[in-house]
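# Kindly generate the corresponding structure for this input.
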Amino acid sequence: MPLKTSSAPADAALRRAAKPAIVYPAGTMPGPDMATLESARQTMVKTDEIVVPPRDARAFRVARGQFFRIVSIEGPQVGDLNLWNAGDLSERFFSGKTRALHGTHVGHGDRLWSAMPYLRPMATISHDTLGWYGFDADGAGIHDVIGTRCDPYTNLLLNGTTYDFCCHSNLSRALAGELKVDPATAEHHVHDVLNVFMCTGFTQDTHQYFMKASPVRPGDFIEFFAEIDLLGALSACPGGDCSATHSSDVAACHPLKIEIFEPDRAILKDWAWPAPSAYHRSHGVQAGN
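Just a heads-up that it's a prediction; the model follows:
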């Protein structure tokens with residue numbers, strides 16, 4: 001028998017009327033010194049660039065104190081970004097905690113946080129040419145930390161077909177090439193992403209995750225300041241601008257470019273480089289117990 005919907009209790013309206021409380025109120029943790037970052041930005045010299053082909057991914061490395069950009073170069077295109085500590089892949093981008101600290105979509109001044117037990121800023125967003133977008137009438141914003149990444153496992157589950165150029169597979173190939181291992185080994189390090197340039201939100205009626213055409217255009221970029229030595233991988237999503245389809249060869253797709261910049265290090269001489277969390281990690285277990 002189908003399950004019946006439970007009946008509302010007599011005090012249902014009162015329960016629903018409870019006031020919301022922000023879990024992590026803004027201002028409860030120190031923010032980055034954006035004035036110093038802006039000064040450093042004025043001295044940047046480009047040292048490298050990598051072009052990410054459509055429906056593919058590339059790995060890249062950024063030293064602590066450098067800046068890097070993800071740039072739209074030919075047409076509207078969404079990218080899926082992974083970040084790791086270059087010296088320890090167990091420290092990786094934690095999209096869930098970043099979402100809890102900054103919101104569903106990130107922008108200028110927000111930071112990308114690493115997984116526990118490290119929990120420190122990996123990178124700070126130093127510039128965003130799409131910062132003007134905000135949230136539209138559908139409740140959609142840009143650069144989300146909601147979605148996971150398109151992947152061949154979900155594609156097989158929902159569509160019954162095998163597709164090898166989902167962002168998960170793209171990132172796995174790119175990381176495998178960098179580490180010189182096979183993709184099946186590398187994919188265990190691939191994690192939930194920052195959906196760069198992706199325009200997303202939740203429907204108001206069913207609260208389902210939706211995507212719509214990205215407003216990114218050639219020349220737009222999002223820029224990051226590396227707080228630790230980083231290994232990154234970026235996938236040019238097979239959904240293109242994600243206006244209609246995911247994980248297919250139908251959508252119009254374009255390359256993305258990664259640019260890496262070196263600033264005048266003297267400007268950063270007093271920068272407070274983040275250390276891993278100082279939590280003692282005993283988790284309530286006393287010594288000798």
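# The residue positioned nearest the centre of the chain pairs with what?
Ranked by distance to the mean C-alpha position of the chain (CA atoms, centre = their mean), the top residue is residue 194 at 1.4 Å. Note on residue 194: beta-bridge partners residue 81, judged by DSSP bridges.
# Hmm, it is touching residue 70, no?
No - here residue 194 lies out of contact with residue 70, judged by CB atoms under 8 Å, at a distance of 9.4 Å. Just so you know, the C-beta spots here come from the backbone N, C-alpha and C atoms, and that holds for glycine as well.
# which residues do the two both contact?
When contacts are counted by CB atoms under 8 Å, 6 or more residues apart in numbering, residue 194 and residue 70 have residue 81 as shared neighbours.
# The closest residue to residue 240 other than its chain neighbours: how many residues sit nearby?
Nearest in space to residue 240, with sequence neighbours left out and distances taken as CB to CB, 6 or more residues apart in numbering, is residue 251 at 3.7 Å. The burial count assigned to residue 251 is 20, neighbours taken as other CB atoms under 10 Å.
# Which helix runs longest in the chain?
As assigned by DSSP state H, the longest helix anywhere in the chain is helix 167-179.
# Which residues in that one does the neighbour count mark as buried?
Residues of helix 167-179 classed as buried under the neighbour-count rule (16 or more other CB atoms under 10 Å) are 167-176, 178.
# just checking, what packs against that helix?
Helix 167-179 makes packing contacts with strand 57-62, strand 79-85, helix 152-159, helix 183-186, strand 230-236 when contacts are defined by 3 or more CB pairs under 8 Å, 6 or more residues apart in numbering; DSSP states H and E.
# what's the closest residue in space to residue 148 that isn't next to it in sequence sitting at in phi/psi?
Nearest-residue entry for residue 148: residue 192, 4.9 Å, with adjacent residues in sequence omitted and distances by CB to CB, 6+ apart. Torsion angles at residue 192 (phi, psi; degrees, to the nearest 10) stand at phi -60, psi 150.
# Likewise for the one 10 residues further on?
When quoted as degrees, to the nearest 10, the phi and psi of residue 202 stand at phi -120, psi 140.
# so what's it bridging to?
On the basis of DSSP bridges, residue 202 takes part in beta bridges with residue 209.
# tell me the mean pLDDT over stretch 255-269?
In this model, stretch 255-269 has an average pLDDT of 98.
# And the contacts of it?
36, 39-41, 43-54, 58, 60, 62, 65-74, 77, 79, 196, 221, 232, 234, 236.
# what do you get for stretch 211-218?
Residues lying outside stretch 211-218 but in contact with it, judged by CB under 8 Å, 6+ apart, are 72-78, 130, 133, 138, 140, 142, 147, 197-200, 239, 241-243, 246.
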